[in-house]
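need a structure here:
(one chain, ligands or ions: 1)
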Amino acid sequence: MADDFFHREMELFIDHRVDWVRYFRLSRPEPVNAVEEVETYKAILRTAADVCEDIAATAPGQWREEVTLVDGRVVVPPHIAAGYERLRAAGLVCLTLSPTYNGFGLPLVLNSYFLEMVARADASLMTIVGLQTGTAQDIEKYGTEDLRQRYLPRFARGEIQGCMDLTEAQAGSDLGGIVTRATEEHGRYFIDGEKIFITNGGADVHLVLARDASTFDQSRGTTNGLSLLLCPVNLPDGTRNGVRVARVESKLGIHGSPTCVIEFDHAEAFLLGERGAGFRAMLDLMNAARLGVAAQAIGIAEAAYREARAYAAQRVQFGGPILEQPLIKNLLTSMIINIQSARAFLYRTCALIDLTEALRTYLSSDRSAQDPDRARLQQQLDDNAHLIRFFTPLCKYYATEISNDVTRKGIQVHGGIGYMADTPAGHYHSDSIITTIYEGTSEIQASFALKEMAKGALFTALEQTRAELEHLRQEFPEPVEQVCVGIHWITEAVSSLLADPQYALLNAKRICKMVVDVVIAAELLLQANLSEAKRELATTFIHRRMLAVEMNARRIRAGDASRIKRYDRILGLADGGT
Ligand SMILES: Cc1cc2nc3c(=O)[nH]c(=O)nc-3n(C[C@H](O)[C@H](O)[C@H](O)COP(=O)(O)OP(=O)(O)OC[C@H]3O[C@@H](n4cnc5c(N)ncnc54)[C@H](O)[C@@H]3O)c2cc1C
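So this is what the prediction gives:
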């Protein structure tokens, strides 16, 4: 059964879609036996699968238990504490942290498998576990050696936990609105202000984005002048710092995940990275968290699909299981296509990030000094970095939106019982909803991706997709042609968007969806030979989605920015009303 959590699709991707030999050659100074190394990774994932299977067996029934605040202390429900302890005891927190600080240095793609498994077992627990990797990695990347030594080994052992404090009442999507203040006094930093909606806000270490007091007025309203600071609840000398959890929120879903209001009252903190340039450093953490949320969304969707599939097989109506009804088959097929396509995109993006990091390591090492291929590799690194900035928001956007859709369909397959408060189907849906909101809403992901498209990432992505398809043309002539037509429709649509940024923004989600569809189509074709089911999946996906790409392109081409004026009239905004 544990094999089932570390499922076949994960293993196929590791075995066939990652160039491990190249990855290790670039990332490690010493020669590595790639097969043995990958086997070690698989062993870690199998252990994780065993633990997640146990957690999943006991999680239902406790899902509605809320986090409480007792004497200023955040208390998570017992099943969350027990789940975390199971993972911690097995050494399974902070898997990507470097071995220098006692981590496993696990590649990102494998960490996303891990997060998917945890989320499938318990989405609330995943919010806590998922934060640890990103928090620790930001300290590793931007902290002084003293901070690293002080905190990272304890993160790796799971003795301390972290959280990420960005949002304020007036600064949600727009972090330029941050007014929490960081004041420097004789070389020490102190934070004053209030953060809201902080996941795992009872943690020992807060990574806080705060506005530097020395440039407060000039930088206000922008993301310039923000510093990233590490604010511990207990100071290194053991005294209590001025950080307080003022409230924990009651929510629609992920009840076991603490969501807190945090007050900073002249709390001492330590600078991470450059003063006033913290937004860039926080982006690293946010990008890692976005991919983590994509994995979480897929994990929840997988759980919902399995529940619905099992229910459909045993629920009898009109003399047979409802699974025999074509409409139910269609619902379940849509669910699984959505899940597997989101997974293909996430794994591909994470593997690209791993390879790019390996390239970066190689190019910054002495080993590359005499490499005649150095310039080409540097170009590859730059192109990849561009693609990653484009694909990361797209992954988050796509995986979380499909998760909302899949979990909603899961309720539909269950009929009335799916709407009952204590059944899993409804629970998965209410847990899934947050994924399209936190770490940047879907609208924000789509607008980020649009910005990257305008900087040329779209053409790099389409060129790469075209090149991949050419290799597949002989084997899969018809689907390849359909995807090429899809690419053609995208280029047609983009020309209608270029002229007007407002019209482009209005269509940001639509164009993102079209790009995601063609990139995933190529990836699914690359996987099509791995099994009969994969081949069917690829052709069905392409058949369905290339029609949608064409329809979306026609819709974009048929309009212009006057559409926004029409919406204003519908909304009663035409006369300047609100
Ligand atoms: C359960 C939970 C956990 C969270 N955990 C954390 C955490 O650990 N740390 C942290 O710092 N924050 C956290 N957050 C905050 C979360 O990241 C924000 O709620 C989110 O970024 C949206 O901000 P907002 O709620 O202020 O919505 P708003 O920014 O007010 O957005 C409202 C609506 O307007 C849309 N919108 C806003 N701007 C634009 C635009 N330019 N274009 C198009 N549409 C736009 C949004 O998409 C949304 O639909 C959490 C939130 C929740 C609910």
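
make it CA atoms for all contacts and neighbour counts henceforth
Noted.

Residue numbers of the stretch 101-250 of the chain in contact with the ligand?
Neighbours of the ligand within the stretch 101-250 of the chain, by CA under 6 Å from any ligand atom: 164-167, 172-173, 197-199.

Show me which pair in the residues you listed is furthest apart.
Greatest spatial distance among those (CA to CA): 173 and 199, at 16.0 Å.

which stretches of the protein have low pLDDT?
Along the chain, segments meeting pLDDT under 70 span 1-3, 575-578.

in it, which strand has the most residues?
Looking across the chain with DSSP state E, the single longest strand is strand 259-272.

Now it: buried residues?
Across strand 259-272, burial judged by 16 or more other CA atoms under 10 Å covers 259-264, 266-272.

Give me the sheet partners of it and which way each runs.
strand 188-199 (antiparallel), strand 226-232 (antiparallel), strand 243-248 (antiparallel) (DSSP bridges).

For the chain, what lies in contact range of the ligand?
With the criterion set to CA under 6 Å from any ligand atom, the chain comes near the ligand through 164-167, 172-173, 197-199, 259, 437-441, 443-444.

Quick one: residues contacting the residue nearest the centre of the chain.
Nearest residue to the geometric centre of the chain (CA atoms, centre = their mean): residue 291, 2.2 Å. Under the criterion of CA atoms under 8 Å, 6 or more residues apart in numbering, the contact list for residue 291 reads 112, 346, 350, 392, 395-396.

next one: residue 323
Taking CA under 8 Å, 6+ apart as the test, what residue 323 contacts is 309, 312-313, 329.

Which parts of the protein are strands?
For the chain, the strands defined by DSSP E cover 68-70, 73-75, 162-165, 181-185, 188-199, 205-212, 226-232, 243-248, 259-272, 316-317, 320-321.

Could you export the ones you listed to JSON lines, including columns for distance to residue 280?
JSON lines is the format used below for those (distance: least, CA to CA, whole Å):
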{"stretch": "strand 68-70", "distance to residue 280": "33"}
{"stretch": "strand 73-75", "distance to residue 280": "30"}
{"stretch": "strand 162-165", "distance to residue 280": "14"}
{"stretch": "strand 181-185", "distance to residue 280": "17"}
{"stretch": "strand 188-199", "distance to residue 280": "19"}
{"stretch": "strand 205-212", "distance to residue 280": "11"}
{"stretch": "strand 226-232", "distance to residue 280": "9"}
{"stretch": "strand 243-248", "distance to residue 280": "24"}
{"stretch": "strand 259-272", "distance to residue 280": "11"}
{"stretch": "strand 316-317", "distance to residue 280": "55"}
{"stretch": "strand 320-321", "distance to residue 280": "54"}
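
do you know which of the ones you listed lies nearest residue 91?
strand 162-165 (16.7 Å).

Which strands and helices lie in contact with that closest one?
helix 123-142, strand 188-199, strand 205-212 (3 or more CA pairs under 8 Å, 6 or more residues apart in numbering; DSSP states H and E).

10 Å - rerun?
If contacts are counted by 3 or more CA pairs under 10 Å, 6 or more residues apart in numbering; DSSP states H and E, strand 162-165 sits against helix 123-142, strand 188-199, strand 205-212, strand 226-232, strand 259-272, helix 278-314.

neighbours around residue 167, how many?
Look at residue 167: counted by other CA atoms under 10 Å, it has 22 neighbours.

Would you mind confirming that residue 189 is in contact with residue 229?
Yes - under the criterion of CA atoms under 10 Å, residue 189 makes contact with residue 229 at 8.5 Å.

Between these two, tell me which one has more neighbours.
Counted by other CA under 10 Å, residue 189 and residue 229 do not tie: residue 229 has more neighbours, with 29 against 20.

check contacts around the more buried one.
Neighbouring residues of residue 229 by CA atoms under 10 Å, 6 or more residues apart in numbering: 139, 142-143, 165, 182, 189-191, 206-210, 268-275, 278, 282.
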